[in-house]
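# Please work out how this folds:
(one chain, ligands or ions: 1)
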Amino acid sequence: MRGLQVSFPGLRFLVTIIALVWLLTAIGLGWLVKSFLILIVLLLLAPVVGYVGLRWWLQRNMVTSECPVCHSTTVGLRSSQFECVACGEPLEFDRDHAVRVAPPGTVDVEVIEVPKEEILD
Ligand SMILES: [Zn+2]
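Numbering: from 1, shown residues only. Prediction:
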């Protein structure tokens with residue numbers, strides 16, 4: 001019997017918990033046991049629900065697009081401004097593609113390199 005106690009160190013704790021639950025329900029405090037069990041179930045479910053909710057929210061709001069300045073692939077949230085990780089340009093999403101954040105009145109120009117011989121002709 002002594003060897004049995006040594007081989008199950010958690011048995012005493014388990015028996016104590018069962019006895020405590022039985023005692024509490026016997027004296028009419030079953031609601032305390034039930035509320036404690038509900039609290040434990042909520043504590044176990046909260047991380048799972050949080051993880052699934054966070055994944056769902058990221059799938060709806062995270063967009064991958066090409067940077068209009070350096071043409072590298074960049075990832076950002078649909079509703080907020082972010083910076084390109086490659087060139088640091090402030091960007092925001094217009095529908096499903098990234099656009100530069102520029103002050104009002106800014107005109108984007110595209111630079112075209114013209115060879116000197118072509119200008120002289
Ligand atoms: Zn960039």
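# Leu24 - that's part of a helix, no?
Yes: per DSSP: H, G, I helix; E, B strand; the rest coil, Leu24 lies within a helix segment.
# Disregarding flanking residues, what is the spatial nearest neighbour of it?
Leaving out its chain neighbours, the residue that sits closest to Leu24 by C-beta to C-beta, 6 or more residues apart in numbering is Val33, at 5.3 Å. Any C-beta I mention is one placed from the backbone N, CA and C, and that applies to glycine too.
# and whichever strand or helix holds that neighbour, how far out from the chain's middle?
Assignment of secondary structure by DSSP states H and E places Val33 within helix 30-61. Helix 30-61 has its C-alpha centroid displaced from the chain centroid by 15 Å (C-alpha atoms, centre = their mean, to the nearest Å).
# Repeat that for stretch 29-40.
On C-alpha atoms, centre = their mean, the centre of stretch 29-40 falls 31 Å from that of its chain.
# and what of stretch 67-79?
19 Å.
# Got the domain ranges for this structure?
The record's domain split for the chain, according to automatic domain parsing, is 2-57, 67-121.
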